[in-house]
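In: Pasting a predicted model and its sequence here:
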Amino acid sequence: MLESIKPPGVDQHEERQHNMDSLNGTPTPEPRDEPKSSRRFFVLAGSLFLAGCATRSKTVVSSLPDPWWTPTTMPDPKASKPKSPAVAAVPPTGVIARSAWAGGNPVPSRMDANRSISRITIHHDGMQPFTDTSYKAAARRLESIRRAHLGRKPQRFGDIGYHYAIDPAGRIWSCRPLSYQGAHVKGQNPGNLGIVVLGNYDKQSVNRAQQVALAAFLSAQSRQYRVPVSRIYTHQEMSPTACPGRSLQKYMVQARRNGTIA
Ligand SMILES: [Zn+2]
């Protein structure tokens with residue numbers, strides 16, 4: 001997450017060649033080659049309070065979370081031996097389809113294929129607190145994050161950076177197709193399943209519905225991809241950032257320790 005940032009916040013990520021893990025809160029310049037619709041969005045977004053998930057700094061960023069890009073071909077030693085031959089693009093049952101909320105299709109040319117899943121990382125979006133449990137509100141928030149990620153500088157993301165999102169009602173939303181590598185932790189995206197909990201958990205608490213959803217979904221993903229609990233991380237455990245916020249970090253530490261996530 002990018003804390004204290006303004007627009008539709010997003011967390012920190014890393015796309016094919018970019019990473020949103022903002023370590024220093026560097027202001028993100030306005031996109032110069034965006035379609036008109038996107039530019040309008042950014043203007044709108046600039047009036048919103050956004051945060052992304054990757055900065056400890058309290059520096060106020062002008063607009064969107066900072067993406068950081070890494071070499072497209074950068075290998076990940078830890079992911080060199082896939083635990084599954086290929087990652088299916090079909091989300092698990094009970095997960096709301098990407099098509100239910102996304103205003104556009106992914107841009108494959110900006111993303112790398114996801115060849116395996118060997119670790120999982122939890123984020124918050126780091127924007128303003130979000131407690132609305134309605135379906136529509138969550139869909140709108142996801143779309144704002146997707147559009148922010150698509151306009152990231154210096155290189156635009158191919159889609160929202162996370163693979164899944166959990167809303168205040170505990171719903172699970174499919175985001176970036178699993179067939180594509182995520183863009184959510186600087187330098188650590190290969191083999192990394194990205195899950196964002198909508199909201200700002202430095203300013204709000206993880207509610208019961210979200211705790212139940214996190215425990216069930218993470219346990220299921222752990223089993224499906226044979227990812228041990230020891231490889232389920234929070235963003236701040238992988239890079240210097242306040243993401244996923246104090247409340248969510250505390251929950252994750254406890255849930256992994258007491259077996260709630262297993
Ligand atoms: Zn994050």
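Out: Yep, it's here.
In: quick one: least confident helix or strand in the chain?
Out: Sorting the helices and strands of the chain by mean pLDDT, DSSP states H and E puts strand 68-69 at the bottom, at a mean of 32.
In: how about the CA coordinates for whichever helix in the chain runs longest, as PDB?
Out: For the chain, the longest helix by residue count, based on DSSP state H, is helix 208-225. This file holds the C-alpha atoms of helix 208-225, laid out as PDB (Å, rounded to 0.1, in the frame of the first residue of the first chain):
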ATOM      1  CA  ARG A 208     -15.100 -10.900  11.600                       C
ATOM      2  CA  ALA A 209     -16.400 -11.600   8.100                       C
ATOM      3  CA  GLN A 210     -13.000 -10.800   6.700                       C
ATOM      4  CA  GLN A 211     -11.200 -12.900   9.300                       C
ATOM      5  CA  VAL A 212     -13.400 -15.900   8.400                       C
ATOM      6  CA  ALA A 213     -12.800 -15.300   4.700                       C
ATOM      7  CA  LEU A 214      -9.100 -14.900   5.100                       C
ATOM      8  CA  ALA A 215      -8.700 -18.100   7.100                       C
ATOM      9  CA  ALA A 216     -10.900 -20.100   4.800                       C
ATOM     10  CA  PHE A 217      -9.500 -18.700   1.500                       C
ATOM     11  CA  LEU A 218      -5.900 -18.800   2.500                       C
ATOM     12  CA  SER A 219      -6.200 -22.300   3.900                       C
ATOM     13  CA  ALA A 220      -7.800 -23.400   0.600                       C
ATOM     14  CA  GLN A 221      -5.200 -21.700  -1.500                       C
ATOM     15  CA  SER A 222      -2.400 -23.200   0.600                       C
ATOM     16  CA  ARG A 223      -3.800 -26.700   0.000                       C
ATOM     17  CA  GLN A 224      -4.400 -26.200  -3.700                       C
ATOM     18  CA  TYR A 225      -1.000 -24.900  -4.500                       C
END
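In: Which elements pack onto the helix or strand following that helix?
Out: Sequence-wise, the next helix or strand downstream of helix 208-225 (DSSP states H and E) is strand 232-234. Identification of packing neighbours for strand 232-234 by 3 or more Cβ pairs under 8 Å, 6 or more residues apart in numbering; DSSP states H and E yields strand 119-124, helix 246-257. All C-beta atoms are positioned from the backbone trio N, CA, C, and that covers glycine.
In: so which of those gets nearest the ion?
Out: strand 119-124 (3.2 Å; Cβ to the ion).
In: show me where the stretch 51-200 of the chain has strands.
Out: Remark: strands assigned in the stretch 51-200 of the chain by DSSP state E, counting those that start in this stretch are 68-69, 119-124, 164-166, 172-174, 192-197.
In: can you list those strands in a markdown table and add mean neighbour count?
Out: Formatted as a markdown table, these follow (neighbours: other Cβ atoms under 10 Å):
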| stretch | mean neighbour count |
| --- | --- |
| strand 68-69 | 24 |
| strand 119-124 | 28 |
| strand 164-166 | 25 |
| strand 172-174 | 23 |
| strand 192-197 | 27 |
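In: Between the ones you listed, which one is closest to residue 134.
Out: Closest to residue 134 of the strands of the stretch 51-200 of the chain is strand 172-174 (Cβ to Cβ; 13.1 Å).
In: So which elements touch that closest one?
Out: helix 135-150, strand 164-166.
In: Save those as TSV, and put in distance to the ion and mean pLDDT too.
Out: Listed next are the helices and strands packed on strand 172-174 as TSV, based on distance: least, Cβ to the ion, whole Å; pLDDT from 0 to 100:
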stretch	distance to the ion	mean pLDDT
helix 135-150	12	98
strand 164-166	12	98
